[in-house]
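K.L.:
Provided below for reference: sequence and predicted model.
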Amino acid sequence: MKDGVNGVALAVFICFFVAVTVMGFLAARWRRAESDSLDEWGLGGRSFGTWVTWFLLGGDLYTAYTFVAVPAAIYAAGAAGFFAVPYTILVYPLIFTFLPRLWSVSHKHGYVTTSDFVRGRWGSKGLSLAVAVTGILATMPYIALQLVGIQAVLDVMGVGGGETTNWFVKDLPLLIAFGVLAAYTYSSGLRAPALIAFVKDTLIYIVIAVAIIYIPIKLGGFDEVFTKAGDAFAQINPVTEKPRGALAPGEAGQWGYATLALGSALALFMYPHSITATLSSRSREVIRRNTTILPLYSLMLGLLALLGFMAIAAGVKVKNGQLAIPQLFENMFPDWFAGVAFAAIGIGALVPAAIMSIAAANLFTRNIYKDFIKPDATPAQETKVSKLVSLLVKVGALVFVLTMDKTVAINFQLLGGIWILQTFPALVGGLFTRWFHRWALLTGWAVGMIYGTTAAYGVASPTQKHFGGSSAEIPGLGEIGYIGLTAFVLNVVVTVVLTFALRAAKAPEGVDETVPSDYTADAGDPGVKVTLPSATAPAEAEAEAEASR
């Protein structure tokens, strides 16, 4: 590690940061809002085309956490960290089947969040509230990890001083970055990250293209990289008394690898920020096209993961694995290009953090504030509340980062993945069938949440007694697997069994305000009319929906 502040890298980083800050504020003038509503502030007017949506979704899903944590996982444990590559391959055929349907019904009824759809489809405010609370809880640590990514870059550049420095001085750069993020998100809404995503993704592609060629050449080629990585993984960890890792997962780790990849694929588009970016598209066809070109990011992710092996081969030694890749860049690149790489990571944190805070705020506003606190809120009042809540969400994430150990933030993000997966039956199931009973879905969700949280609490690691990971023994199989997928299976079983029982007892099912044609409607279809759903639907609308069913 270089001593002191890397002035050249810092100067380049600041130049890019200032540029995207200006873009963030100018975004309010880009596709200027036609009204003061959540459609405009929180969904960019639902006006984005194929390429804007592609960059926005890429900026949303491939975050600073991805850039830092995926190769860091490989740096720490070997090829098991590659699970992120197959799960991003699995997810795109999956979302091709349901995202266009979600876009269509949301466009037809003016839904802004997944909980809006759940309430309209199942006629249950309780189930809608459960989905909203789960989304907010799962998103908070995810935002915190974006700030951790920025902090990792600042640490490697030597900004803020050492651990003994006054806390305010040490964290001042992060506080400034947070303040800028909060200001332009409040001002421009979703338009800001949509515009900045072009810069972010371009930088990331450039950095990875250079890194995958330049660094192996400096290290003697890929043969040398893999040889050194294999030797390092073969060394015994004195804490666990086992090899540090492996170039390929062993037989004992195959269940964990497969279940983590599958569970992560099912969970990825349950996150509120994924859906927010999706609903900002201007047509159903835009969504279909994006599901076919988004796999380009999986290619990028596979190349990015190899940086973990390169960090080992380059002799990078860090106590915090999250610093491995930023430190690799500083060690291997000229200072000016290290600054470009750090800017890619930093901007890669700002874009998703903005989208995540907007998505969490929309959930609170539409499905807590409007449904339970102020049912007669006007569109302008909704927008004002959402703006304020987006600030509070970011403040909460910042406090989380500044007051807690970084490994805790990572483990809570893993817990968030377990939680968000439990919303899959209500959301995706509802897009294809009304067979499930709303009370069964709510009970299944509760069982999955309780089991997943309890099981994760019981997982220990060398540094933590609780929440030390996301894998545990699968009941009945005796194999180690992803807790989230086990909880999901329990969720589905409980939902199916209770649905049979509740239907046999003729329990009230709730009113479905959608009709089959809503799920294939497009923006240009005759008769398609956006109507904002009311928290208390008029009796005439309920009667019409019931008759349609």
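P.N.:
Perfect, thanks for sending it.

K.L.:
which regions of the protein sit below the pLDDT cut-off?
P.N.:
Low-confidence segments of the chain (pLDDT under 70): 1-3, 33-35, 160-170, 239-241, 405-409, 524-549.

K.L.:
Would you mind finding the longest helix in it?
P.N.:
Counting by DSSP state H, the longest helix found in the chain is helix 125-157.

K.L.:
next SSE after that one?
P.N.:
The helix or strand immediately downstream of helix 125-157 is helix 167-188, counting by DSSP states H and E.

K.L.:
And the longest helix of the chain, what's buried?
P.N.:
For helix 125-157, the buried set under the neighbour-count rule, 16 or more other Cβ atoms under 10 Å, comprises 125, 127-157. (C-beta placed from N, C-alpha, C; glycine too.)

K.L.:
how about the strands of the protein, start to end?
P.N.:
Using DSSP state E, the strands found in the chain span residues 236-237, 242-243, 471-473, 480-482.

K.L.:
Can you tell me which of the ones you listed is nearest to Ile206?
P.N.:
The closest of the strands of the chain to Ile206 is strand 480-482. By Cβ to Cβ, the value is 33.8 Å.

K.L.:
just checking, what packs against the closest one?
P.N.:
helix 254-268, strand 471-473 (3 or more Cβ pairs under 8 Å, 6 or more residues apart in numbering; DSSP states H and E).

K.L.:
Can you list the neighbours in contact with the last one?
P.N.:
In this case it means strand 471-473. 256, 259-260, 455-456, 458-459, 479-483, 486 (Cβ atoms under 8 Å, 6 or more residues apart in numbering).

K.L.:
Go through those residues and say which is closest to Gly468.
P.N.:
Of all the contacts of strand 471-473, Val459 has the smallest distance to Gly468: 4.8 Å, by Cβ to Cβ.

K.L.:
What separation do you get for the nearest residue to Pro243 once chain neighbours are set aside and Ala314?
P.N.:
Once flanking residues are discounted, Pro243 sits nearest to Ala234: 5.7 Å by Cβ to Cβ, 6 or more residues apart in numbering. Using Cβ to Cβ, to the nearest Å, Ala234 is found at 18 Å from Ala314.

K.L.:
Look at the two and report which has more neighbours.
P.N.:
Of the pair Ala234 and Ala314, Ala314 is the one with more neighbours under other Cβ atoms under 10 Å, namely 19 against 12.

K.L.:
does the more buried one really touch Gly220, like I thought?
P.N.:
No: with contacts counted by Cβ atoms under 8 Å, Ala314 stays clear of Gly220, the gap being 10.6 Å.

K.L.:
one step back: can you say which of the contacts of strand 471-473 are buried?
P.N.:
For the contacts of strand 471-473, buried by 16+ other Cβ under 10 Å: Gly256, Thr259, Leu260, Ala455, Ala456, Val459, Ile480, Gly481, Tyr482, Ile483, Thr486.

K.L.:
Adding distance to Val389 as columns, could you present those in a markdown table?
P.N.:
Below are these laid out as a markdown table (distance: Cβ to Cβ, whole Å):
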| residue | distance to Val389 |
| --- | --- |
| Gly256 | 37 |
| Thr259 | 35 |
| Leu260 | 32 |
| Ala455 | 31 |
| Ala456 | 27 |
| Val459 | 32 |
| Ile480 | 39 |
| Gly481 | 36 |
| Tyr482 | 31 |
| Ile483 | 30 |
| Thr486 | 33 |
